[in-house]
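Trainee: next come a sequence and a model predicted from it.
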Amino acid sequence: MEFGTVVIVVAIVAVVVAALSYRGTGRIYAGLGREGGLDMTREPGAPASGAEVEEEIRQMLEAKSERRRARGEPGLDVDAELAALTSAPAAADAGLRDEVRQLVVARNERRARQGKEPLDVEAEVERQLRDLGT
């Protein structure tokens, strides 16, 4: 055989093998990690307890304080920062509460036009303020 013919035959065989390999990898990659517990579609774990969360926040604040000290800045008051982060949110100001109430009333009007049941205005206002973190 001539050298050019050998190169063409090898190239054609390589293309066929590559095509077959590519076709077969779809199933392999689709199932990758499912048996070992690395599946990303599973339900999240149970939330951590309040003490665990508070301890993790404290550790992060202490690390932040150490980084500030290393830069020559004053450290954080970890206990004060922890108290501020874990305390109950302050009551919403009257203006914000009024705006949220207006939005809930408007939503109820839209729901009524759509034939849906209206929401409990007070409960929905409280829920939205809670979601906003105020």
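Mentor: Great, that's in hand.
Trainee: give me the buried stretch members for stretch 77-97, please.
Mentor: 78, 81, 82, 92, 97 (16 or more other C-beta atoms under 10 Å). Using the backbone N, CA and C atoms, a C-beta is placed for each residue, glycine as well.
Trainee: for it, give me every contacting residue.
Mentor: 54, 57-58, 61-62, 65, 100, 125, 129-130, 132-134 (C-beta atoms under 8 Å, 6 or more residues apart in numbering).
Trainee: now, these that are in helices?
Mentor: 54, 57, 58, 61, 62, 65, 100, 125, 129, 130, 132 (DSSP state H).
Trainee: which residues in this structure form helices?
Mentor: Using DSSP H, helices in the chain cover 3-31, 50-70, 78-86, 94-113, 121-132.
Trainee: and the two most separated of the buried residues of stretch 77-97?
Mentor: 78 and 97 (33.0 Å; C-beta to C-beta).
Trainee: tally up the residues packed near residue 124, please.
Mentor: 18 (other C-beta atoms under 10 Å).
Trainee: contacts only, for it.
Mentor: Residue 124 sits next to 104, 107 when contact means C-beta under 8 Å, 6+ apart.
Trainee: so how far is residue 77 from it?
Mentor: Separation of residue 124 from residue 77 (C-beta to C-beta, to the nearest Å) stands at 38 Å.
Trainee: closest one of the contacts of stretch 77-97 to residue 22?
Mentor: residue 57 (48.0 Å).
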